[in-house]
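> Structure of the sequence below:
(2 chains)
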Amino acid sequence: MDALLLSLRLALCVSAILLAGGLPLAYWLAYSNWRGKFMLEAAVALPLVLPPTVLGFYVLVAMGPRGPLGKFWQTFFGHGLAFTFEGLVLASVLYSLPFAVQPLIASFESVDRKLLDASAVLGAGRLRTFWRVILPLSIPGVVTALVLSFAHTMGEFGVVLMVGGNLAGVTRTVSIDIYDHVQSLEYADANRMALVLLAISFSVLSVVYAFNRQVGRQIGHRLWTPWAAK
Amino acid sequence: MDTVGGEVNASTLTLRLQLQRSRAGSAPFLLDVSLQVPAGITILFGPSGAGKSTLLDCVAGLARPDSGRIGVGEEVLFDSRAQVNRPPQTRHVAYVFQTLALFPHFSAEENVAYGLTGLPHAESTARVEEIMKAFRVDKLRARKPAEISGGERQRIALARSLVTQPRVLLLDEPLSGLDAELKSAIVDDLRAWNAERRIPILYVTHAREEVDALGERVIAMDRGRVIGAGTPFEVLEVPRRKRLAQAAGFENLLSGTVVDLREADGVMRVRLNESRCEIEVPLGYAAAGDRVLVAIRAGDILLATSQPHDLSARNVIEGKIVAMEPRGTLVRARVDCGVEFVVHLTPGAVRALELAEGRHVWLVLKTHSCHLVEE
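Numbering: from 1, shown residues only, chains lettered A, B, ... in the order given. Okay, the predicted model is just below:
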C-alpha cells in the first residue's frame, strides 16, 4: 500500500505544479505571435513521442552530482536530486507536461476571439480578461489537463525507473511495484495492484468525460482528447 | 475631409487614416479614408470588403493604422506622427460586433455590468438597472445569452456597450437578421438614449433598407475609400459610381452610347448597347458618341399591356416578358426590349394585368429615374 500512497502523492504534486505552470505557458502558446513559437510547441510535445528512458536519462544526467540541476539543488538544499522524491516530481512534471499544456492550449484557442475583443473594448486588461472570460470558458480544458496529468503520472514507469530507482517509500511507485512483483513471480500481488490502478484510471477518465460533456454542452466547446492532440 | 452635415463640436469623431493589408492570394487592400462623424447616427454603407469593419477596428484600437490620426473632440486616440496609440481599454469607444460577442457564461445582468469597474456597488447596480430598463431588457436579468431571443440579445449587447458611458459608439451590422419592425424599435430606443448624451454613433451596414430606415447621414465606402457622403438621397438615389449603384439596389445597369445632347431641355438621348432601344436621360458630362452607364431601379419602371398615350414620361419602350420570378411580396419580371430590363411588380398587378411569360408589354421610364453613373 506504500507504493500506492506514494504514487497518489506524486500525482497530486505533479498535477498541482503543472496546473500552476501550465496556465501561463498555455496562455502564451495560445496567444503569442512570436515567430519562434513552433520550437517551444515542439519542445512541449516532445514527451509524447520520446521514449521515457531517453527523457529519464537526460533528466538523470542533469540531476547528477555534476549536472547543473544536481549542483544547484546541492547548494540550496544540501542534498542531491537523483533518487529522491523531489527529483521524481521534477522528472514527472517534464514527462506529463504535454498532457497538461495541450488541453489548455486547445481550450484557450477555442474561446471566440471576438469575446476577447469585446472584453478589451469594455475596458478589461489582459489579466481580467483571462480570469473572467478565458478561464471560465476553458474549464473543461482545465479539468482535462488536471486529470490527464494525474492519471499519466500515476501510471508512469520508465522515467521513474531511470530517475528514481526503486527505493521503498521514496521512489517505489505502483507501476514499479507491479513490475517487482512480476519479476518475483508474485502474480497475485501484481494483479491486485494492477486492478487498483486500472480501476482508478478508468473511473477518473469516466468522470472527466461525463463532466466535460455536461459543461461543453453549456458553453458549446469542442473537447480535447488525447487522440485529437496535435 | 468628408463631413456629412450636423454640428461639428467637442464630441465629433475625427479620423484620417491609411492602412495597407496584404491578403494571401489577392491584391493588397488599402484603406485610405478621412472623415468626421458628428453626434448622432451616421451610417457607414458599402459592399462587403469595402473596409468598413477594418475602419471600426481602427477606431476601437483593435487594429492599428499605418499612419493617420484618430480623435474624439480634443482627445487623441491615435496619432502616428506623435506616436500615440491608446489601447482599446482606455479609448472609451463602445463597439457592438456583428456577432454581438455576449459572454456565454454570464447572465444578461453580468454581461451588462462587465465594463463597470471601480464603482461603488450601489452605483454600478443602479446604472445597470437604468440602462437595462432603457433598452427594455430588465426582465431578462438572470438569463444566459443562449436562453434569450435574437432581438433581445441585440438590446443586451447595446446596453453592455453603453452602460460605460462611452464617447463613441461603433455598431457593426448589429441588427442584421432582425425583421424591420424589431429593428426600428431598437433603433428608436437607441435614439432616445442618445438624445441627451449626443455621442457620435457609427452604424455599419451593407443593407440598403437599413439606410432608408435609419438614415440621417450616410457615408458610402468602397474598396477602402469614401465614395460619397451626405443624405441617403444624395448618396444612394443619385449614385455616381457603378459599384455603389449595385450596392444601392439599382437592378438595371445598362451601358450605352450618347446619341445627342439637348442642352435646352436638360436631357440627352442614349442608345442602349447593341440595340435600337433609345432612352432619354438627364444631361450629364458627356458628348455625343461617349460610352455611358445608366442605372435604373426595377421599382421605378412602369409596365403597360397596351401602348400608352399622352404620358409625361418620355421613354416608352416596347418589349416582351421573358421570365417571371416571384420574390416574396414582389414579382421580378425580365423584359426583353433588345436589351433586357428587370422590372419589379406587385403580385396584385401581375394578376390584374394577367401578366405571363411571352406577353407583349410596354415599359415606361421617367427621364429622371434614369441615372448616369461612372464605371
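> pLDDT weak spots in the chain?
Looking at chain A here, since you left the chain open. Applying pLDDT under 70 to chain A picks out residues A:1, A:216-230.
> sorry, should have said chain B
Filtered on pLDDT under 70, chain B yields the residue ranges B:1-9, B:23-25, B:215, B:237-244, B:246-247, B:375.
> What is the neighbour count of the residue in chain A that chain B sits nearest to?
Going by C-beta to the nearest C-beta, chain B is nearest to residue A:122 of chain A, at 3.5 Å. Using the backbone N, CA and C atoms, a C-beta is placed for each residue, glycine as well. When counting by other C-beta atoms under 10 Å in any protein chain shown, one arrives at 25 neighbours for residue A:122.
> was I right about it contacting residue B:164?
Yes - at 6.6 Å, residue A:122 counts as touching residue B:164 under the criterion of C-beta atoms under 8 Å.
> and for the two, which residues touch both?
Residues touching both residue A:122 and residue B:164 (C-beta atoms under 8 Å, 6 or more residues apart in numbering or on different chains) are residue B:115.
> so how far is chain A from residue B:167?
Distance, residue B:167 to chain A, using C-beta to the nearest C-beta, to the nearest Å: 13 Å.
> I figured that residue hits residue B:37, correct?
No - in this structure residue B:167 lies outside contact range of residue B:37 using C-beta under 8 Å: 11.4 Å.
> Which of those two has more residues huddled nearby?
Using other C-beta under 10 Å, the more surrounded residue of residue B:167 and residue B:37 is residue B:37, with 28 against 19.
> dump the residue contacts of the residue lying closest to residue A:40 once chain neighbours are set aside.
Leaving aside its sequence neighbours, residue A:40 sits nearest to residue A:29 (C-beta to C-beta, 6 or more residues apart in numbering or on different chains; 6.7 Å). By C-beta under 8 Å, 6+ apart, the contact list for residue A:29 reads A:37, A:40, A:41, A:44, A:101, A:105.
> what secondary structure does residue A:29 sit in?
helix (DSSP: H, G, I helix; E, B strand; the rest coil).
> could you list every residue that touches residue B:150?
Neighbours of residue B:150 in contact, by C-beta under 8 Å, 6+ apart: B:177, B:178.
> Also the one 5 residues further on?
Residues in contact with residue B:155, defined by C-beta under 8 Å, 6+ apart, are B:135, B:136, B:137, B:186, B:189.
> what do you get if the cut-off is 7 Å, keeping everything else the same?
Contact partners of residue B:155, counting by C-beta atoms under 7 Å, 6 or more residues apart in numbering or on different chains, are B:135, B:136, B:137, B:186.
> same check, this time on residue A:6
A:169, A:172, A:173 are the contacts of residue A:6 under C-beta under 7 Å, 6+ apart.
> Out of those residues, who's the most crowded?
Counting by other C-beta under 10 Å, top hit in those: residue A:173 with 29 neighbours.
> and chain B, which of its residues are near chain A?
Residues of chain B lying close to chain A (C-beta under 7 Å from any C-beta of the partner chain) are B:60, B:62, B:88-89, B:93-95, B:97, B:99, B:101, B:103-105, B:114-115, B:117, B:164.
> Take those and keep only those in helices.
Among the residues of chain B next to chain A, the residues falling in helices (DSSP state H) are residue B:60.
> Phi first, then psi, for the closest residue to chain A within the stretch 1-150 of chain B.
Nearest residue of the stretch 1-150 of chain B to chain A, counting by C-beta to the nearest C-beta: residue B:115, 3.5 Å away. Main-chain torsions, residue B:115, degrees, to the nearest 10: phi -80, psi -10.
> where's it relative to residue A:120, distance?
Distance of residue B:115 to residue A:120, given as C-beta to C-beta, to the nearest Å: 11 Å.
> can you check residue B:196 too?
Using C-beta to C-beta, residue B:196 is found at 28 Å from residue A:120.
> Compare these two and say which one has the larger neighbour count.
Applying other C-beta under 10 Å to residue B:196 and residue A:120 shows that residue A:120 carries more neighbours, namely 21 against 6.
> List the residues that contact the closest residue to the more buried one other than its chain neighbours.
What sits nearest to residue A:120 in space, not counting adjacent residues and going by C-beta to C-beta, 6+ apart, is residue B:88, at 4.4 Å. Going by C-beta under 7 Å, 6+ apart, residue B:88 touches A:120, A:121, B:60, B:61, B:62.
> my read: residue A:162 touches residue A:62, true?
No - the criterion here is C-beta atoms under 7 Å, and residue A:162 misses it with residue A:62 at 11.8 Å.
> The lengthiest strand in chain B pairs with which strands, and in what direction?
When chain B is parsed with DSSP state E, its longest strand is strand B:315-327. Strand pairing for strand B:315-327, using DSSP bridges, gives strand B:330-336 (antiparallel), strand B:360-365 (antiparallel).
> which parts of that strand are buried?
B:315, B:316, B:317, B:319, B:321, B:324 (16 or more other C-beta atoms under 10 Å in any protein chain shown).
> Ok, stretch B:59-72 next?
B:59, B:60, B:61, B:62, B:63, B:65, B:68, B:69, B:70, B:71, B:72.
> now the fourth one: how far from residue B:38?
Applying C-beta to C-beta, one obtains 23 Å for the distance of residue B:62 from residue B:38.
> What's the first helix or strand after the longest helix along chain B?
If each helix of chain B is counted by residues according to DSSP H, the longest one is helix B:180-197. Moving toward the C-terminus from helix B:180-197, the next helix or strand (DSSP states H and E) is strand B:200-205.
> State the number of residues packed around residue B:358.
8.
> right, I mislabeled it, should have said residue B:193
18.
> Could you find the closest non-adjacent residue to it?
Nearest residue to residue B:193, sequence neighbours excluded (C-beta to C-beta, 6+ apart): residue B:134, at 5.5 Å.
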